[in-house]
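Q: attaching a predicted model along with its sequence, questions to come.
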Amino acid sequence: MAAESAATGGPQSALFQRRRGRQLFEQAIGWVLFLCAAVTVLTTVGIVLILVIEGLQFFGDVSPWEFFTGTKWTPLYTNQAFGVLPLIGGTLMVAIGAAFISVPVGSVTAIYLSEFASPNVRAVLKPILEILAGIPTVVYGYFALTAVTPFIGNFAEPTIFNAASAMVVVGIMTIPMVSSLSDDALHAVPQDLRDAAYAVGSTRFEVTTRVVYPAALSGVIASYILAASRAVGETMAVTIAAGSTPNLTWNPLESIQTMTAFIVQVSLGDTPHGTIEFRTIFAVALTLFVMTLVMNVIAARVTARFREVYD
Amino acid sequence: MVGDTERTATQSGAGAGTATAGVTFQPQASEDDAPASPPAVEIRNVSLWYGSQQALGNVSLDIPRNRVTALIGPSGCGKSTLLRCMNRMNDLIDGVRIEGEVFIDGEDIYGAEVDPSDVRRVVGMVFQRPNPFPKSIYDNVAFGARINGYKGDMDGLVEESLRRAALWDEVKDDLKKSGLALSGGQQQRLCIARAIAVNPEIVLMDEPCSALDPIATQRIEDLMQDLASDYTIVVVTHNMQQAARVSHRTAFMLAGDDLVGRLIEFEDTDRIFLNPGDERTEQYITGRFG
């Protein structure tokens, strides 16, 4: 740069003047892009800070022991109890139930797309699956209420709001995540390994189940964890479908409340700011944040190990 | 360089045991010129297309049983493609069309009722890059046998296969170790053990030493000659010295301007290298092109 500005003083300065304008423009672009990136990072830092500060204030009033071991969650009632387990239980029940749908269906879809489908079928199916990922979650919530719950009513007697319908729609919602990420992992398995398996007389099914899937296992497991993390954080559909009854139960036909649904309830309600009732949402959100963060870190670790094997 | 060798070797007669400029003619390469048993593989008028581009033009040759046969020729001459016709590996590529017949024990492996995976049980393959599974050494060798429902003594089979691949002494104490933890040459011998554990009749080798150092290469070459007593070996190689060292018969292939690979000459190896019948073969082996 120093050499260039020295050159601007020379006889061909008009030529270099124009170039210098372009360089300033380049620098400006660099700064704008940096600011955009900084906004994202600062927002994340800000959110975490607020969660931690407000959460710590909450834990000044309610002991963490009571919060994490109590089995009754009634912060909005006169008889207040701050045991978060019913919310965590509801959240995990929905996430685990959803995994029973998304993991098998997503895995089989990924295996089909990666190993069995012809390029033409793949070109049609993949975009359709991605549409599934693009449906607004409120639509899934409505679908749970108006289609899934009546359907479950054919076999059992669910309450209007129930965990089972939330499991079903969150499961469907996270299928594309499992199938797309697993498909990537299966696709990354070197063709060499498939050839080696074929060369000793394996059928396509044996190649897939005994070589390709095990070789991609860490990537596939990462997709399961990320889908579970998404299910844990899912808000709109579960708020509509599962109801708002904090309930430590194993029965999916009952109404429950997830952590996200509780945050919605308090945020939209008339709970006054600055009260301990209002601060509960920061404590719950902090807990939720830590849960999903841990899952994402585990997924990243598993994926990193997967990369080491083949690069 | 090879040209010098040719002249020297010709002067010294049959060429057996002559070593010049890195080319050694093994005595066994010139023995048994007429194999008594019927050919292991009979390739009849095979043509192959990748989409609309023809890659093989009307190739016919007989692969002799319990011998090492080398396929040589410049890049793109179709030698690997021809090799993969013998165990139907080309079937796995989209848009491939094959005409002609390939007989193994009198049966056309491209017959309508033949399952390609059954063909590959009889015709094993070793690839250019060592490709062990990310599994233990033991599981790598046992893989094919398990797939094929082997009911016998698996430990014995694994040991026997590793011994035949000249790897047993190096790995017998850590069979649980990952196959990927071995060196390149060891990995390739593991792949050979994996291929012969299925007890094939024929083993195809697609440039098996191209990713290996000279010492590892020599071990694989020795192994090929040892294995030839029990198996029919077909090896594709870029390395003419290698073809001269290990093979009994050599096929020279060449693609013309139309990119269609054709068989130019198929003869005993010493004949190909000492007294080729076709001018193009001579030009290739004396390094004038390719």
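A: Cool, got the structure. Residues are numbered from 1 along each chain as shown, chains lettered A, B, ... in the order given.
Q: just checking, what packs against the lengthiest helix in chain A?
A: Ranked by residue count, the top helix of chain A under DSSP state H comes out as helix A:13-61. Contact here means 3 or more CB pairs under 8 Å, 6 or more residues apart in numbering or on different chains; DSSP states H and E; on that basis helix A:13-61 packs against helix A:2-8, helix A:276-310. Every residue, glycine included, has its C-beta placed from N, CA and C.
Q: so which of the ones you listed comes closest to residue A:215?
A: Between residue A:215 and the helices and strands packed on helix A:13-61, the tightest spacing by CB to CB is seen for helix A:276-310, at 7.7 Å.
Q: so which residues on the stretch 51-200 of chain B come close to chain A?
A: Within the stretch 51-200 of chain B, the residues that sit near chain A (CB under 8 Å from any CB of the partner chain) are B:87, B:89, B:92, B:94, B:117-118, B:120-121, B:124-125, B:127, B:129, B:131-135, B:143-144, B:147-148, B:180, B:191, B:194-195, B:197-198.
Q: just the ones of those residues in helices?
A: Among those, the members found in helices (DSSP H) are B:117-118, B:120-121, B:143-144, B:147, B:191, B:194-195.
Q: among those residues, which one sits closest to residue A:204?
A: Of these, the one sitting nearest to residue A:204 (CB to CB) turns out to be residue B:117, at 8.6 Å.
Q: and the closest one, how far from residue B:196?
A: According to CB to CB, to the nearest Å, residue B:117 and residue B:196 sit 18 Å apart.
Q: mind checking which of the two has more residues around it?
A: Using other CB atoms under 10 Å in any protein chain shown, the more surrounded residue of residue B:117 and residue B:196 is residue B:196, with 22 against 19.
Q: for residue B:170, see how far away that one is.
A: Relative to residue B:170, residue B:196 is positioned 17 Å away (criterion: CB to CB).
Q: which of the residues of the stretch 51-200 of chain B next to chain A are buried?
A: Taking 16 or more other CB atoms under 10 Å in any protein chain shown as the criterion, what is buried in these is B:87, B:89, B:117, B:120-121, B:124-125, B:127, B:129, B:131-135, B:143-144, B:147-148, B:180, B:191, B:194-195, B:197-198.
Q: for the stretch 101-250 of chain B, which residue gets nearest to chain A?
A: Residue of the stretch 101-250 of chain B nearest chain A, by CB to the nearest CB: residue B:144 (3.1 Å).
Q: neighbours of the nearest residue to that residue once chain neighbours are set aside, just the number please.
A: Nearest non-adjacent residue to residue B:144, counting by CB to CB, 6 or more residues apart in numbering or on different chains: residue A:200, 3.1 Å away. Neighbouring residues of residue A:200 were enumerated by other CB under 10 Å; the total is 24.
Q: for residue A:200, what are phi and psi?
A: Main-chain torsions, residue A:200, degrees, to the nearest 10: phi -100, psi 20.
Q: so how far is residue B:46 from the closest residue in space to residue B:84 that isn't next to it in sequence?
A: Closest residue in space to residue B:84, ignoring its immediate chain neighbours: residue B:90 at 4.7 Å, by CB to CB, 6+ apart. Separation of residue B:90 from residue B:46 (CB to CB) stands at 10 Å.
Q: again with residue B:176
A: Distance, residue B:176 to residue B:46, using CB to CB: 43 Å.
Q: tell me which residue is most central in chain A.
A: Central residue of chain A (CA atoms, centre = their mean): residue A:230, 2.4 Å from the mean position.
Q: ok, it - contacts?
A: Applying CB atoms under 8 Å, 6 or more residues apart in numbering or on different chains to residue A:230 gives the contacts A:173-174, A:177.
Q: same question for residue B:54.
A: Counted by CB under 8 Å, 6+ apart, residue B:54 has contacts B:47-48, B:258-260.
Q: Three-state assignment for it, please.
A: strand (DSSP: H, G, I helix; E, B strand; the rest coil).
Q: same deal with the one 3 residues further on?
A: Reduced to three states with three-state DSSP, the structure at residue B:57 is strand.
Q: gap between it and residue A:135?
A: 54 Å.
Q: out of the two, which sits in the more crowded spot?
A: More neighbours surround residue B:57 than the other of residue B:57 and residue A:135, with 18 against 13 (other CB under 10 Å).
Q: how about that one: what's its closest non-neighbour residue?
A: Nearest residue to residue B:57, sequence neighbours excluded (CB to CB, 6+ apart): residue B:260, at 4.1 Å.
Q: check residue A:148 too.
A: Leaving aside its sequence neighbours, residue A:148 sits nearest to residue A:165 (CB to CB, 6+ apart; 4.1 Å).
Q: using the three-state scheme, assign residue A:227.
A: Look at residue A:227: counting by three-state DSSP, its state is helix.
Q: just the pLDDT at residue A:300, thanks.
A: The per-residue pLDDT reported for residue A:300 equals 87.
Q: one more: the one 5 residues further on?
A: The predicted local confidence for residue A:305 comes out at a pLDDT of 74.
Q: please report phi then psi for residue B:236.
A: Taking degrees, to the nearest 10, you get phi -90, psi 130 for the backbone angles of residue B:236.
Q: tell me the bridge partners for it.
A: residue B:71, residue B:206 (DSSP bridges).
Q: any figure for the gap between residue B:265 and residue B:215?
A: Residue B:265 is 32 Å from residue B:215, by CB to CB.
Q: okay, now the unreliable bits of the chain?
A: Since you didn't name a chain, this refers to chain A. Across chain A, the ranges flagged by pLDDT under 70 are A:1-18, A:306-311.
Q: that's the wrong chain, I meant chain B
A: Applying pLDDT under 70 to chain B flags the ranges B:1-36, B:290.
Q: next, name the residue at the spatial heart of it.
A: Central residue of chain B (CA atoms, centre = their mean): residue B:235, at 2.0 Å.
Q: show me what contacts the nearest residue to it once chain neighbours are set aside?
A: Excluding the flanking residues, the one nearest residue B:235 by CB to CB, 6+ apart is residue B:205, at 4.3 Å. Contacts for residue B:205 (CB under 8 Å, 6+ apart) come out as B:125-126, B:224, B:233-236.
Q: residue of the stretch 101-250 of chain A closest to chain B, please.
A: Nearest to chain B in the stretch 101-250 of chain A, going by CB to the nearest CB, is residue A:200, at a distance of 3.1 Å.
Q: wait, that residue sits on residue B:126?
A: No. Residue A:200 is beyond contact range of residue B:126, at 10.9 Å (criterion: CB atoms under 8 Å).
Q: overlap in contacts, those two.
A: When contacts are counted by CB under 8 Å, 6+ apart, residue A:200 and residue B:126 have residue B:195 as shared neighbours.
Q: how does chain A divide up, domain by domain?
A: A:2-61, A:85-305 (automatic domain parsing).
Q: just to revisit the earlier point, neighbours of the residue nearest to residue A:148, how many?
A: Residue A:165 has 32 neighbouring residues, counting by other CB under 10 Å.
Q: name the SS class of it, please.
A: Look at residue A:165: counting by three-state DSSP, its state is helix.
Q: ok, it - contacts?
A: So residue A:165 contacts A:144-145, A:148-149, A:152, A:158, A:241-242 (CB under 8 Å, 6+ apart).
Q: and the furthest pair within the residues you listed?
A: Spatial extent of the contacts of residue A:165 (CB to CB) is set by the pair A:152 and A:242 at 12.8 Å.
Q: neighbour-wise, which of those two wins?
A: Each of residue A:152 and residue A:242 has its neighbours counted (other CB under 10 Å); residue A:242 has more, 32 against 18.
Q: for the stretch 1-150 of chain B, just list every one of the strands.
A: B:19-20, B:23-24, B:41-50, B:53-63, B:68-72, B:96-104, B:107-108, B:123-126 (DSSP state E, counting those that start in this stretch).
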